[in-house]
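only geometry, no sequence info:
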């Protein structure tokens, strides 16, 4: 008795093969062929009929756009935090210059003026960078007015 063997083509779930192909920019038609154990010609035939390559480009474009949007949002959040921190530094320096002891004398000492100037300039720099004014390095003057305990007003100007 002779047994006939049938050479039926392997049943492929082409929807899964397509999903696999679209899942990553690194997956090629040859990769699908190896993964699903089917000839490259069969994969190419299905890919051409169902326009897998065009769909892959669309998916890649959507992913790229979504990623760009997310990165832009993260950059905006970071810059806002930076600008807020810079404003806080400036506010802290301004409040310190106005603070008085119980006798109505300013608490700030001449030696503290340099520290306050550094805090104020750091705050202005952070704020400027956070707001995007550091792009293309436009020229701007940062002016910090400091009044010493003796009543002398110092105008500290820094060109940035």
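Here it is on my side, so go on. Note that the coordinates shown come from a computational prediction; the quantities given were computed from them, not determined experimentally.

can we go C-alpha only for contacts and neighbour counts from here?
OK.

how would you label residue 12: helix, strand or coil?
coil (DSSP: H, G, I helix; E, B strand; the rest coil).

which ones are touching it?
36, 38 (Cα atoms under 8 Å, 6 or more residues apart in numbering).

can you give me the helices in this protein?
With DSSP state H, the ranges of helices along the chain come out as 14-22, 29-36, 40-50, 52-98, 110-130.

distance check, residue 61 against residue 67.
For residue 61, the distance to residue 67 equals 10 Å [Cα to Cα, to the nearest Å].

gap between the spatially closest residue to residue 120 that is not a sequence neighbour and residue 118?
What sits nearest to residue 120 in space, not counting adjacent residues and going by Cα to Cα, 6 or more residues apart in numbering, is residue 90, at 4.9 Å. For residue 90, the distance to residue 118 equals 10 Å [Cα to Cα].

give me the more crowded residue out of the two.
Neighbours per residue, other Cα atoms under 10 Å: of residue 90 and residue 118, the larger number sits with residue 90, 23 against 15.

that one contacts residue 123, doesn't it?
Yes - using Cα atoms under 8 Å, residue 90 is in contact with residue 123, at 5.3 Å.
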